[in-house]
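A.B. asks: based on what follows, work out the 3D shape:
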Amino acid sequence: MTSRRRLLDVLGPVRHGSRSLATCRVKCDNACDHPAPNPTDNPRFADIAERALSRRAVLAGAGAGAAAVVVGRPLAAGAAARTVAVDPGAALTFTPVEPTVVDDVVVADGYQSAVIAVWGDPVGRGAPAFDPYRQSRRSQERQVGYNADYLMLLPLPGNGDKGLLAVNHEYTNEELMFPADGGYTSADRAAVAMAAHGMSILEVERVGGTGEWRRVTRPSRFDRRITAYTPMVASGPAAGDPRLSGPVAGTLNNCAGGVTPWGTVLTGEENFNQYFDAPAGVSAEHVESYLRYQIRTTGWSTRRWSEVDERFDASRFPNTAYTFGWVVEVDPYDPSSTPVKRTMLGRFKHEGATVSFTADGRVVAYMGDDQNDDYLYKFVSRGTFRDGPSTAARWHNMTLLDHGTLYVAVFSGDGGPEGDGELPYDGTGRWVPLASDRTSYVEGFSVAEVLVNTRLAADRVGATKMDRPEDVERNPVTGAVYACLTNNKARTAPNAAAPLTDGLIRETFEGPLVLAPGNRHGYVLEQWEAGNDAAAETFGWNLFLVCGDPEDPRTWFGGFPKDRVSPISAPDNVTFDPAGNLWVATDAGELGANDGMFAVPVQGADRGWLRQFLSVPVGAECCGPLVTEDGSTAFAAPQHPGEVEGSTFENPASTWPHTDPFPRPGVICVWRPDGLPIGR
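C.D. replies: Residues are numbered from 1 along each chain as shown. This is a model prediction of the structure:
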């Protein structure tokens with residue numbers, strides 16, 4: 001317990017928590033230096049959740065024993081209760097790793113890890129060898145991109161030991177990519193960076209029937225790079241809107257994603273706003289939308305991509321910004337296919353889009369808009385999924401994301417009664433329709449306007465401001481939906497707020513910035529749709545995890561005794577193992593240790609027993625995460641190792657994976673040599 005206390009004490013009054021200033025600059029363009037771009041007085045989830053936090057304090061003081069044995073939850077106000085059977089083989093038995101600051105991947109005892117791919121590895125036939133002194137757009141377009149994020153392993157038909165690994169590439173760290181004496185111009189660096197965004201499709205194979213995976217040794221016909229230059233098309237109701245009438249090319253800031261039942265990959269365009277310059281300003285018709293999406297209306301971005309590609313000059317081409325902020329569908333089995341931007345899923349800072357089924361066979365996509373005070377969404381298709389290998393069935397399924405209804409979440413704090421032996425609901429909620437492909441439900445908005453300016457439409461219907469909603473996924477075993485609310489560090493009021501030359505609004509302070517308590521370490525929200533049907537328009541919700549140091553009285557771990565859990569901060573992405581246990585990856589936690597991957601049961605006597613499974617290197621966040629369907633392998637992506645203020649190519653804070661004197665972010669797999677499932 002001494003180490004936990006020390007980790008909590010090292011924080012002190014810091015400006016950006018433990019997140020490096022370098023991270024703030026290149027990941028989200030210093031978003032925290034600006035007020036949240038949501039100007040409405042819509043209810044804030046942080047205020048609604050206060051009752052839940054107070055209830056947990058009372059339960060913690062009383063021992064909180066009852067909540068630890070819950071195996072089911074009531075489904076919604078007025079709905080019948082449901083109990084989920086607990087698989088006795090689902091118990092997690094690994095010994096947790098201790099919080100660490102070492103520059104390496106550290107895994108739980110009894111496990112091994114291996115690097116599968118890193119930035120610069122060849123992709124496809126004839127790919128050039130990686131040379132950091134001779135990088136170009138053309139070479140990078142045939143090499144693994146930078147800063148891997150979302151991961152998905154898809155099977156190759158007829159061979160269970162081979163698959164396709166889809167890897168998102170969120171953004172770039174030019175100060176770690178390019179040597180100062182490499183002779184690169186700013187235009188050279190920008191062109192390589194654009195080619196290092198997007199996605200890699202890599203053929204991989206299982207090693208000797210174990211849980212280890214590696215790249216195939218021969219160039220694969222499936223290997224593919226998708227970049228900020230790749231031609232794409234828009235589909236759905238907004239595809240014909242004048243703002244999307246020009247070329248739709250490239251995808252960028254690809255964060256999380258999802259996989260469809262028909263075998264395609266969805267990738268979310270997140271902090272797309274940061275790539276646009278407006279040296280001569282933008283016309284008045286675009287200002288409201290630009291500011292709501294935190295896009296500059298004048299001035300220069302830190303990346304200055306418009307000097308390389310005129311598309312990113314919003315003064316000359318203001319409509320380009322409307323071609324980003326979508327969910328992109330990619331067919332990994334067809335390298336010649338054109339990626340599709342699915343406009344029916346709305347335009348915002350997509351963390352990802354994870355797909356599930358309704359009770360009657362329609363598909364649902366859950367989505368978070370990763371910004372302080374923005375919203376949770378879901379899409380429900382009109383048509384139903386057609387199973388089977390026929391070409392006709394697949395083509396039908398690939399139209400499902402263009403036809404249906406887009407919803408936004410509204411939360412209330414009217415939880416259920418106490419005293420029934422299990423933790424009651426903290427509140428209920430409803431999914432409010434914004435638009436179908438045929439009808440707008442927002443007064444004054446056409447269907448296309450709802451989809452192009454989804455944030456403005458959601459503002460109008462009173463959606464609940466959330467605490468940076470990131471990954472949202474439905475448990476395939478229990479049906480519960482889990483959302484990572486990474487944090488929302490409410491701050492003291494600024495001395496002044498004024499527009500600056502970069503076309504944004506920035507808060508100005510005298511002296512150090514002081515963080516209010518707020519949701520500093522993040523929540524994991526648990527939702528139960530009415531009737532356990534993903535099509536339902538009502539739900540109940542609980543704060544399953546209130547993250548932080550277990551010694552902090554505000555923390556909560558599903559009611560499990562806090563002296564047995566691992567400290568955790570900034571939950572970002574989640575996945576599930578075959579037993580339905582929740583796996584959580586963190587990003588820029590504020591407890592003084594490296595980020596990592598954690599596992600926690602969501603039902604049974606161990607509900608809430610959260611343990612750290614692995615730790616990533618210095619300066620990195622833990623991305624992915626993924627546990628295979630057979631439970632034999634866990635995948636993770638140590639993103640931006642060495643991303644620390646002052647870290648450079650010549651003098652990096654990390655050299656992971658220690659193959660070079662500079663860092664090369666990439667993808668790892670973790671497995672048990674004895675062949676038992678991950679976590680056991």
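
A.B. asks: which parts of the stretch 1-150 of the chain are helices?
C.D. replies: Secondary structure of the stretch 1-150 of the chain (DSSP state H, counting those that start in this stretch): helices at 2-9, 21-27, 45-48, 50-61, 137-140.

A.B. asks: quick check: pLDDT value at D33.
C.D. replies: Looking at D33, its pLDDT is 60.

A.B. asks: and the strands in the stretch 551-680 of the chain?
C.D. replies: Secondary structure of the stretch 551-680 of the chain, counting by DSSP state E, counting those that start in this stretch: strands at 556-557, 571-576, 582-586, 596-600, 611-615, 621-627, 633-639, 666-671.

A.B. asks: quick check: which ranges of the stretch 301-450 of the chain have low pLDDT?
C.D. replies: Scanning the stretch 301-450 of the chain for pLDDT under 70 picks out 414-424.

A.B. asks: all strands of it, in order?
C.D. replies: 327-330, 340-342, 354-357, 362-368, 376-384, 404-412, 427-436.

A.B. asks: quick one: strands adjacent to the shortest one?
C.D. replies: So that's strand 340-342. When sheet partners are counted by DSSP bridges, strand 340-342 sits next to strand 233-235 (parallel), strand 327-330 (antiparallel).

A.B. asks: same thing with the fifth one?
C.D. replies: Using DSSP bridges, strand 376-384 pairs in its sheet with strand 362-368 (antiparallel), strand 404-412 (antiparallel).

A.B. asks: so which of those strands is the most packed in?
C.D. replies: Comparing the strands paired with strand 376-384 by mean neighbour count (mean count of other CB atoms under 10 Å), strand 362-368 ranks first with a mean of 25. Quick note: C-beta positions are derived from backbone N, CA and C, even for glycine.

A.B. asks: follow-up on the earlier one: save the strands paired with strand 340-342 as TSV, and put in mean neighbour count and distance to W671 too.
C.D. replies: Listed next are those as TSV, based on neighbours: other CB atoms under 10 Å; distance: least, CB to CB, whole Å:
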stretch	mean neighbour count	distance to W671
strand 233-235	17	39
strand 327-330	26	27
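
A.B. asks: closest to D606 out of those strands?
C.D. replies: With CB to CB as the measure, strand 327-330 is the member of the strands paired with strand 340-342 nearest D606 (34.7 Å).

A.B. asks: neighbouring contacts of the closest one?
C.D. replies: Under the contact criterion CB atoms under 8 Å, 6 or more residues apart in numbering, strand 327-330 has outside partners 166, 199, 201, 226, 232, 251, 254, 260, 264-269, 337, 339-342, 345, 350, 353, 365, 367, 398, 401.

A.B. asks: how about R142, nearest residue that isn't a chain neighbour?
C.D. replies: The shortest distance from R142 to any non-neighbouring residue, by CB to CB, 6 or more residues apart in numbering, is to A127 (4.1 Å).

A.B. asks: no wait, G666
C.D. replies: V118 (3.2 Å).

A.B. asks: I figured that neighbour hits P657, correct?
C.D. replies: Yes. Contact criterion CB atoms under 8 Å: V118 and P657 qualify, at 6.1 Å.

A.B. asks: name the residues contacting each of those two.
C.D. replies: R664, G666.

A.B. asks: more neighbours, the two?
C.D. replies: Each of V118 and P657 has its neighbours counted (other CB atoms under 10 Å); V118 has more, 22 against 19.

A.B. asks: the more buried one: what's it in contact with?
C.D. replies: Contacts of V118 (CB under 8 Å, 6+ apart): V144, P657, T659, R664, P665, G666, V667.

A.B. asks: just checking, the fifth one touches D149?
C.D. replies: What that stands for is P665. No. At 9.6 Å, P665 does not count as touching D149 under the criterion of CB under 8 Å.

A.B. asks: shared neighbours of the two, anything?
C.D. replies: A637, Q639.

A.B. asks: so L176: helix, strand or coil?
C.D. replies: Classification of L176 by DSSP: H, G, I helix; E, B strand; the rest coil places it in helix.

A.B. asks: settle this for me: it is touching N651, isn't it.
C.D. replies: No. Counting by CB under 8 Å, L176 stays clear of N651, with 10.2 Å between them.

A.B. asks: neighbour-wise, which of these two wins?
C.D. replies: Between L176 and N651, counting by other CB under 10 Å, L176 is the more crowded of the two (29 against 10).

A.B. asks: now do the same contact list for the more buried one.
C.D. replies: H640, G642, E643, S647, T648, F649, P652, F662, P663.

A.B. asks: remind me which residues of this structure are low pLDDT?
C.D. replies: 1-34, 59-89, 414-424, 489-518.

A.B. asks: could you redo the last one with a cut-off of 80?
C.D. replies: Low-confidence segments of the chain (pLDDT under 80): 1-35, 51, 54-90, 414-425, 489-518.

A.B. asks: tell me how far the residue nearest to G666 lies from Q603.
C.D. replies: For V118, the distance to Q603 (CB to CB, to the nearest Å) stands at 37 Å.

A.B. asks: before we move on, what about V115?
C.D. replies: In terms of CB to CB, V115 sits 34 Å off from Q603.
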